[in-house]
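> let's see this in three dimensions:
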Amino acid sequence: MNGKKHIKTVFFLFIVFLPLLISTCYSPPRNQFVEKEVVVNISFGVAREAVVEAMTEKNILFKAKETPTTVTVSGNLLVDVAQYADCGKYYGKRITGYADMDFVILVQRINRDKSGIQIISTVTITESDIMLLKERRLPCISNGRMEEELLDAVMQKVRERE
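Numbering: from 1, shown residues only. Model (predicted):
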């Protein structure tokens, strides 16, 4: 009788503390949030067209919402973590693979001949957890490289229009 009680206690402790033990195996990324922003001396219409052309030329699917003073372009990319993000460590090993990067490009009218272009992104990776037999979505932090590439593509289109 005492043996069964001991087994139940051990099993209970195992069930309670296993998730706590496993959750300590993930170390989140330590980098800072990246945001790219530039002010350009072009009209709002030209800036808007430059963003749309750059996304189209790079074959990036996007959605656009427009108001009289802003355009919001949003999309999703699959990025290589080794090149574009820090997803932390899992069981002491740096997380690698491909992650989903959601981005938003905001074009704002500052005045008649000046516009602001801002790029914001969030990155997440789906990691299989063998111990829990499920997948976990883990937050990553962009290293700014993809935002820089997108901004460079937009600025190239801006220069072509000047």
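> wait, residue 114 sits on residue 41?
Yes: the criterion here is Cβ atoms under 8 Å, and residue 114 meets it with residue 41 at 5.8 Å. To be clear about C-beta, it is placed using only N, CA and C from the backbone, and glycine gets the same treatment.
> higher neighbour count, these two?
Using other Cβ atoms under 10 Å, the more surrounded residue of residue 114 and residue 41 is residue 114, with 15 against 10.
> now that one: how far from residue 127?
Remark: distance between residue 114 and residue 127 (Cβ to Cβ, to the nearest Å) = 43 Å.
> pull the longest strand from this protein.
strand 114-129 (DSSP state E).
> for the record, mean pLDDT for that strand?
Averaging pLDDT along strand 114-129 yields 88.
> mind listing what's buried in that strand?
For strand 114-129, the neighbour count (16 or more other Cβ atoms under 10 Å) marks 115, 116, 117, 118, 119, 120, 121, 123, 124, 125, 127, 129 as buried.
> quick check: next helix or strand after that strand?
Heading C-terminal from strand 114-129, the first helix or strand you meet, by DSSP states H and E, is strand 134-142.
> tabulate the CA atom coordinates of that following strand in PDB.
The C-alpha trace of strand 134-142 is given here as PDB (Å, rounded to 0.1, in the frame of the first residue of the first chain):
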ATOM      1  CA  LYS A 134       3.800  19.500 -29.500                       C
ATOM      2  CA  GLU A 135       4.900  22.600 -31.400                       C
ATOM      3  CA  ARG A 136       5.700  25.900 -29.800                       C
ATOM      4  CA  ARG A 137       5.700  29.300 -31.500                       C
ATOM      5  CA  LEU A 138       8.800  31.200 -30.100                       C
ATOM      6  CA  PRO A 139       9.400  34.900 -30.500                       C
ATOM      7  CA  CYS A 140      12.500  36.000 -32.300                       C
ATOM      8  CA  ILE A 141      14.000  39.400 -32.800                       C
ATOM      9  CA  SER A 142      15.100  40.700 -36.200                       C
END
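> just the angle between that strand and strand 114-129, please?
Orientation check (axes from the mean of the first three to the mean of the last three Cα atoms, to 10 degrees): strand 134-142 against strand 114-129 gives 150 degrees.
> partner strands of strand 134-142, with direction?
strand 85-86 (antiparallel), strand 114-129 (antiparallel) (DSSP bridges).
> I'd like the mean pLDDT over the following helix or strand past it, please.
Next along the chain after strand 134-142, taking DSSP H and E as the criterion, comes helix 145-161. In this model, helix 145-161 has an average pLDDT of 89.
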